[in-house]
Each structure stands twice: as C-alpha cells, then as structure tokens.
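Student: just coords:
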C-alpha cells in the first residue's frame, strides 16, 4: 500500500534534523596527557581518578 500524500523534502529534512552525529567529547588525562573520554579510564596509563587505577598491560597470547 502506498502513502496517500507525498512528503515534501522540507518535512523529511525537518524530521531528520536531529539525527546528525556529534563528535566525541575528549579531555586530556591528568597523568599522561593522552586524550580520553570523561569519567572513563585512560587507555594509555589506566588512570581513573586520584584514588583508582586500572592495570593496563600488553595483550598476552
């Protein structure tokens, strides 16, 4: 079954106006200065906050 009325380009584009992608927000790690996501562990050094640290090691096979 086909739609009864054609949707104009303006209505389609207005509906999709909030579908745009936004760039990831990054902050610098206070320990090593590498870019990381806020409130997440650093991929380089494992620093989370002043009291927490995660072990980051080489991949073992």
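Tutor: Done, it's in. As the structure is a prediction and not an experimental result, all values here were calculated from the model. Numbering: from 1, shown residues only.
Student: got the contact list for the most centrally placed residue in the chain?
Tutor: A centroid search over the chain (Cα atoms, centre = their mean) returns residue 24, at 4.1 Å, as the residue closest to the centre. The neighbours of residue 24, taking Cβ atoms under 8 Å, 6 or more residues apart in numbering as the test, are residue 37. Placement of C-beta: from N, CA and C, glycine included.
Student: go on, the one 5 residues further on?
Tutor: When contacts are counted by Cβ under 8 Å, 6+ apart, residue 29 touches 35, 36, 42, 44, 45, 47.
Student: ok, the residue nearest to the centre of the chain to residue 42 distance?
Tutor: Going from residue 24 to residue 42 by Cβ to Cβ, to the nearest Å gives 15 Å.
Student: cool, residue 18 as well?
Tutor: For residue 18, the distance to residue 42 - Cβ to Cβ - is 32 Å.
Student: neighbour count winner among the two?
Tutor: residue 42 (21 against 6; other Cβ atoms under 10 Å).
Student: no further queries at this time; thank you.
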